[in-house]
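Asks: Structure for the following, please:
(one chain, ligands or ions: 1)
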Amino acid sequence: MKIMAGNSNLPLARAIAAYLELPLTDASVRRFADDEVFVEIHENVRGEDVFVVQSTSHPTNDNLMELLICIDALRRASAKRITAVIPYFGYARQDRKPGPRTPISAKLVANLITTAGADRVLAVDLHAGQIQGFFDIPTDNLFAAPVMAADVQARYGAQPLMVVSPDVGGVVRARALAKRLDNAPLSIVDKRRDKPGQSEVMNIIGDVEGRACILIDDIIDSGGTLCNAAQALMDAGAASVTAYLSHGVLSGSAVERVNKSALKELVITDTIQPTEATQQSDRIRVLSIAPLIGEAIRRIADESSVSSLFD
Ligand code: R5P
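Replies: Next up is the predicted model:
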């Protein structure tokens, strides 16, 4: 087995390799003067089971191209099996046509990855489970929920909890976390978004008075959804609001927004490499997903069960 990495999240790739007690494959993933991506693998990979770790996070298109070209290089170097390990799958939110004459970019990206030569995909908390079906190759979708649940238990387990979904679409995810927290009660923020990029909290379903609220979502991008939900929960009498997110996209001034928000704490995983601003924020904490991904890779390589990781 070999672990290779693009440049999108080298600390995570190194942590995964360390978990597996393997060195990262010796390869250069660099740019020509005109910014074309060039990949060169400096060791033999013929007949190997290779896992390429690359999040398609910002700069999304560059990181996607790196992933595709890494896969192509491995295929042409006769790797036996290539698994695209995509901790954060960019374009996932474009998983359906929101209107006439619009693309389904998540499907296009899935096609590109398959055409490049990936034999299988390993992702974390895909925005929608159905995206697995966009790939005609085996696709494992890992859940950060066990890592989050352990952290919630350790930090907030002694308080009356309320798991909160920041919108109706996230209820399944929130219910799964609540189940892991001894069936904690569930509340829903009924959010209406009038224009793209704007979010507005309308109503809170459930009584959050005096409870430590655990908001859960897959992605924090501009931070609008979460910060507005946190304010609405505090206005409804919550004792505190802590948010757990799989993917800290945190675009633009999102970190600043979080720092000024009603959130007690924002907890993200390292599927996306945290920026300097994220690392410096005393309101944001990062949990590592490396052991979970490392264990899943070990099981895929051994051909043992991945789903039993979540039993
Ligand atoms: C939406 O369906 C997602 O689950 C997130 O709620 C959304 O992407 C968050 O975006 P933002 O942080 O920009 O409100």
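Asks: pLDDT weak spots in this protein?
Replies: In the predicted model, the chain carries pLDDT under 70 at residues 193-199, 201.
Asks: for the stretch 1-150 of the chain, what spans make up the strands?
Replies: Taking DSSP state E, counting those that start in this stretch as the test, the strands found in the stretch 1-150 of the chain are 2-5, 27-31, 37-41, 49-53, 81-86, 120-124, 139-142.
Asks: wait, which of these is closest to the ligand?
Replies: strand 120-124 (14.1 Å; CB to the nearest ligand atom). (Each C-beta comes from the backbone N, C-alpha and C, glycine too.)
Asks: can you redo the strands of the stretch 1-150 of the chain as JSON lines with mean neighbour count and distance to Pro98?
Replies: As requested, the strands of the stretch 1-150 of the chain are exported to JSON lines (neighbours: other CB atoms under 10 Å; distance: least, CB to CB, whole Å):
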{"stretch": "strand 2-5", "mean neighbour count": "24", "distance to Pro98": "34"}
{"stretch": "strand 27-31", "mean neighbour count": "15", "distance to Pro98": "34"}
{"stretch": "strand 37-41", "mean neighbour count": "16", "distance to Pro98": "30"}
{"stretch": "strand 49-53", "mean neighbour count": "25", "distance to Pro98": "31"}
{"stretch": "strand 81-86", "mean neighbour count": "26", "distance to Pro98": "23"}
{"stretch": "strand 120-124", "mean neighbour count": "22", "distance to Pro98": "22"}
{"stretch": "strand 139-142", "mean neighbour count": "21", "distance to Pro98": "23"}
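Asks: what does the protein put close to the ligand?
Replies: Residues of the chain found near the ligand (CB under 6 Å from any ligand atom) are 166, 169-170, 199, 217-225.
Asks: go again using 5 Å as the cut-off
Replies: Residues of the chain found near the ligand (CB under 5 Å from any ligand atom) are 217-225.
Asks: Out of those, list just those in helices.
Replies: Secondary structure from DSSP state H places 224-225 of the residues of the chain next to the ligand in helices.
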